[in-house]
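Asker: Need a 3D model of the sequence below.
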Amino acid sequence: MLMDTSDMICDTYPGDMVGREYMENLYGEDMDRVLHSVVKLKNAVIGNNKQKFHMMSLGVVARLLEFIQNERAAVGLRTESAIVLGSLAKGSQANVKRLVDSGVVPILLQCLNNSNLKFVEGCLRCLRSIFTSQAAPVDLLYTDPGVVPHMLDIVSQSPTTQECICSILAQCCKTSKHQGLLYSNGVIESLAPLLASKMYKVQMPALRVFCVITYMNQIVSSAVASASVSERSLPDLLVELCLRDKSVEMQMSSAKCLTYMCRANALSSQDSKIVYKALPTLIRMCKKDRSLEERVEGAETLAYLIEVDLELQRIASYSDHLIPTLSEFLRYPSTQTTVMDLKRLDYDMKHSHELKAAALMAFASLGANDEDIRKKIIETENLMDHVVCGLSDPVVRVRLAAVRCLHSLSRSVQQLRTSFQDHAVWKPLMKLLQNADDDMLTVASSTLCNLLLEFSPSKEPMLESGAVDLLCDLTKRDDPALRLNGIWALMNMAFQVETKNMAFQAEQKVKSQILAALGTDQLFKLLSDPDVNVLMKTLGLLRNLLSNKPHIDHIMGMHGQQIMQAIVLILEGEHTIEVKEQTLCILANISDGTTAKDFIMANDDVLKKITNYMIHANVRLQIAATFCISNLVWNEEEGALERQMKLRDMGVQKLLQQLLSSSDTVLFDKVKTALQQFT
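Answerer: Next up is the predicted model:
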């Protein structure tokens, strides 16, 4: 059965008859008539998606490609054929996919070597339509290594080549590898003059290229920062493009480019171009008089610009009522949509999610470092309600932004004790962690680390809700960031202040729960983790577990031999000063136990290592080793005389006396205390 295509053909021609007539004429021997038919076909398909679909179904693409590839064909025929393909590419995404599947892209890229400018322009227009579509076959641009250099060689031939090539490159730079290829082929030198073009349709695509090549790329950003056009530096030229007499699109793109150069350390965050131009421009883009799309883009770029810079965060927080402006994003749409407004409903819902995500990301960056700014944000009307609701939003971007905002605000001790407890934020956070992807899990588990700090009221209910098992599972993940967050949160969970009676018993129960869920095999596996941050937090966990005499003795009684073996391996290994210092601090904790210190005293190799670190060149290691000795010889504890005698025979007392000449006051005090214990 043939498919009914009557609804795909416009009413002004009788279906197949017209289409087949076109096709027959394209296969004629009179090339003038063929050219005339191609021109008629061009006029027939322009703006007519049904006609485009129909002609493609009849196989017109293959015939047009034959003309384009035929070097003996008249250049006018080849040019008109390229123009028709370009018109077909402006139809549906399905049309673009058909063209790509037909091999149009490599053929047109090859034709850019032709000497006829009009033909090259026709090919470029078609390529631009294909590469700027959602179905863009980006990798095809880089398959032949000669394509990009040639495009940059011919870019200056006409306004059309400038516009099309810049549009193609802006859409096809997706990775750091693409950035590197464009940079190595001279994209900065070739396109920099176009930023000063008097033609907007050339200037704007060129600006987009500079945005995509500088994003998260220090090498390219530095090269752009040092480049110039007619004795004007490119950063100065970008500042001019931020002026209010330029289009909003141009102001936004210029501010984005300056932002990317700043984040790549090619421009200082205190550079006037950033403080007085990029930052105010982005803040202005968040205002209510801008379109929804512009407000979203402005807030997202602003969040990226100030994310890691405290001074920019402070400037932004009191600039042009930014915090109240962003809070309006969370309340969009401000009025209830009625049944009569159904056409606008989808638009409002889509932009409501985008505005929420952008605002929450901006709040996350604003509150990343400063307590006063966090206080301002928290005091914004219903802000915490929006954040908590965002954790359960059906849109992933909103959930991720809400978690990032929560993570930023959770750095505040005051908020952990007040707003976070009032809104029970741990509940939706724990729920979110159950089925989150790695990106969400990384941020959510970072927030969890803060919620599990000793002073956080959320710690106890989270423990009761299965936090230990969840965190132990994270330590087994391949992603080092997830392993780090898992072990970091367990370290925070195991930390305790001096407690008594029932509180003491509760802390002991938590430690036992951690050890049981994590398992000694996994704990010791983490002690050999290749990621130094994971290793440091694992040592921190072990140090927190081995605190308080009964806990120390209990844990060493169960796992003492394994713990001592791990300690020896670390002290003997090629590790940083920080790692070895933390390891010596664990030994100091063990030496504070009642029975646990026997594991050290019975191990001459460990004692020898401790004494060696007492005379190490690094004073931090000297202090940690001396503290360990001080605990071992403490004269108020049982067996002190025997331990003192053994250590005296090993020359420890003499070493301590030599260290009294130290100029470091902390080390001097530790040495003095240790010597006072010897009787």
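
Asker: wait, what's in contact with Gly557?
Answerer: By CB atoms under 8 Å, 6 or more residues apart in numbering, the contact list for Gly557 reads 595-596. Any C-beta I mention is one placed from the backbone N, CA and C, and that applies to glycine too.

Asker: Ile219 now?
Answerer: Shown in contact with Ile219 (CB under 8 Å, 6+ apart): 180, 183.

Asker: The residue lying closest to His616 once chain neighbours are set aside: helix or strand, and which one exactly?
Answerer: The shortest distance from His616 to any non-neighbouring residue, by CB to CB, 6 or more residues apart in numbering, is to Gln622 (5.7 Å). In the assignment (DSSP states H and E), Gln622 maps to helix 619-632.

Asker: what's in contact with the very next helix or strand once past that helix?
Answerer: Sequence order places helix 640-649 as the next helix or strand after helix 619-632, per DSSP H and E. Contact with helix 640-649 is made by 597, 601, 607, 629, 632-635, 653, 677-679, as judged by CB under 8 Å, 6+ apart.

Asker: again, only using 6 Å
Answerer: Residues outside helix 640-649 that contact it (CB atoms under 6 Å, 6 or more residues apart in numbering): 601, 632-633, 678.

Asker: Touching the helix or strand that that helix is followed by from outside, list them.
Answerer: Next helix or strand after helix 640-649 toward the C-terminus (DSSP H and E): helix 652-659. Under the criterion CB under 6 Å, 6+ apart, residues 611, 614, 629, 671, 674-675, 678 lie in contact with helix 652-659.

Asker: for stretch 422-436, same thing?
Answerer: For stretch 422-436, contacts defined as CB under 6 Å, 6+ apart pick out 384, 388, 391-392, 444, 451, 458, 462, 465.

Asker: Please check these and keep the buried ones.
Answerer: Using 16 or more other CB atoms under 10 Å as the burial test, the contacts of stretch 422-436 include 384, 388, 391, 444, 451, 458, 462 as buried.

Asker: and the fifth one, how far is that from Ala674?
Answerer: Looking back up the chat, that one is Leu451. Distance, Leu451 to Ala674, by CB to CB, to the nearest Å: 39 Å.

Asker: cool, and the third one?
Answerer: Leu391 sits 51 Å away from Ala674 when distances are taken as CB to CB.

Asker: and what of Phe627?
Answerer: Going from Phe627 to Ala674 by CB to CB gives 8 Å.

Asker: Kindly report the same for Thr281.
Answerer: 61 Å.

Asker: Run through the residues that contact Leu448.
Answerer: Ala489.

Asker: What number of residues are in the vicinity of Ala436?
Answerer: Counted with other CB atoms under 10 Å, residues neighbouring Ala436 total 18.

Asker: pLDDT value on it, please?
Answerer: Predicted confidence (pLDDT) for Ala436: 85.

Asker: For it, which three-state class applies?
Answerer: Following DSSP: H, G, I helix; E, B strand; the rest coil, the label given to Ala436 is coil.

Asker: Need the residue closest to the centroid of this protein.
Answerer: In the chain, the C-alpha nearest the mean C-alpha coordinate belongs to Asp439, at 8.7 Å (CA atoms, centre = their mean).

Asker: The residue nearest to it when sequence neighbours are not counted and Met361, how far apart?
Answerer: Nearest non-adjacent residue to Asp439, counting by CB to CB, 6+ apart: Leu400, 6.6 Å away. With distances taken as CB to CB, Leu400 is found 9 Å from Met361.

Asker: and if you look at Glu642?
Answerer: Distance of Glu642 to Met361, computed by CB to CB: 62 Å.

Asker: which of those two has more neighbours?
Answerer: Met361 (24 against 10).

Asker: so the more buried one is in which element?
Answerer: Going by DSSP H and E, Met361 is in helix 342-366.

Asker: Name the residues that touch that helix?
Answerer: Applying CB under 6 Å, 6+ apart, the set of residues contacting helix 342-366 is 292, 296, 299-300, 302-303, 306-307, 313, 317, 326, 329-330, 332-333, 337, 373, 377, 395, 397-398, 401-402, 404-405, 408.

Asker: hmm, 7 Å instead?
Answerer: 292, 295-296, 299-300, 302-303, 306-307, 313, 316-317, 326, 329-330, 332-333, 337, 373, 377, 387, 390, 395, 397-398, 401-402, 404-405, 407-408 (CB atoms under 7 Å, 6 or more residues apart in numbering).

Asker: Residues contacting the strand or helix carrying Leu463, please?
Answerer: Using DSSP H and E, Leu463 sits in helix 459-464. With contacts defined as CB under 7 Å, 6+ apart, helix 459-464 is touched by 426, 430, 451-452, 510.

Asker: Quick check: what element follows it along the chain?
Answerer: helix 467-474.

Asker: Which strands and helices lie in contact with that next one?
Answerer: Secondary-structure packing of helix 467-474 (3 or more CB pairs under 7 Å, 6 or more residues apart in numbering; DSSP states H and E): helix 480-494, helix 501-518.

Asker: got the buried residues for it?
Answerer: In helix 467-474, counting by 16+ other CB under 10 Å, buried: 467-468, 470-472, 474.

Asker: would you list the residues you listed in CSV and tack on distance to Gly519?
Answerer: Below are these laid out as CSV (distance: CB to CB, whole Å):
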residue, distance to Gly519
Ala467, 17
Val468, 12
Leu470, 15
Leu471, 13
Cys472, 8
Leu474, 14
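
Asker: May I see those organised as JSON lines, with pLDDT and distance to Met199 added?
Answerer: Below are those laid out as JSON lines (pLDDT from 0 to 100; distance: CB to CB, whole Å):
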{"residue": "Ala467", "pLDDT": "88", "distance to Met199": "60"}
{"residue": "Val468", "pLDDT": "90", "distance to Met199": "64"}
{"residue": "Leu470", "pLDDT": "91", "distance to Met199": "58"}
{"residue": "Leu471", "pLDDT": "92", "distance to Met199": "58"}
{"residue": "Cys472", "pLDDT": "94", "distance to Met199": "61"}
{"residue": "Leu474", "pLDDT": "94", "distance to Met199": "54"}
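
Asker: Out of the residues you listed, which comes closest to Ile552?
Answerer: Val468 (20.6 Å; CB to CB).

Asker: With adjacent residues omitted, what lies nearest to the closest one?
Answerer: Ala517 (4.9 Å).

Asker: From the contacts of helix 459-464, list the buried ones, please.
Answerer: Buried by 16+ other CB under 10 Å: 426, 430, 451-452, 510, out of these.

Asker: and the nearest residue to Leu391 once chain neighbours are set aside, how many neighbours?
Answerer: What sits nearest to Leu391 in space, not counting adjacent residues and going by CB to CB, 6+ apart, is Pro428, at 3.9 Å. If you count neighbours by other CB under 10 Å, Pro428 ends up with 20.

Asker: and the gap between Pro428 and Leu470?
Answerer: 15 Å.

Asker: just Leu400 next, same as before
Answerer: Separation of Leu400 from Leu470 (CB to CB) stands at 19 Å.

Asker: Ala401: what secondary structure?
Answerer: Judged by three-state DSSP, the three-state class of Ala401 is helix.

Asker: List the residues that contact it.
Answerer: By CB under 7 Å, 6+ apart, the contact set of Ala401 is 357, 360-361, 390.

Asker: rerun that using 8 Å as the cut-off
Answerer: By CB under 8 Å, 6+ apart, the contact set of Ala401 is 356-361, 364, 390.

Asker: Give me the neighbour count for the residue nearest to it when sequence neighbours are not counted.
Answerer: Leaving aside its sequence neighbours, Ala401 sits nearest to Leu360 (CB to CB, 6+ apart; 3.8 Å). Number of residues near Leu360 (other CB under 10 Å) recorded here: 30.

Asker: hang on, isn't Ser37 packed against Tyr27?
Answerer: No: if you go by CB atoms under 8 Å, Ser37 and Tyr27 don't touch, sitting 9.5 Å apart.
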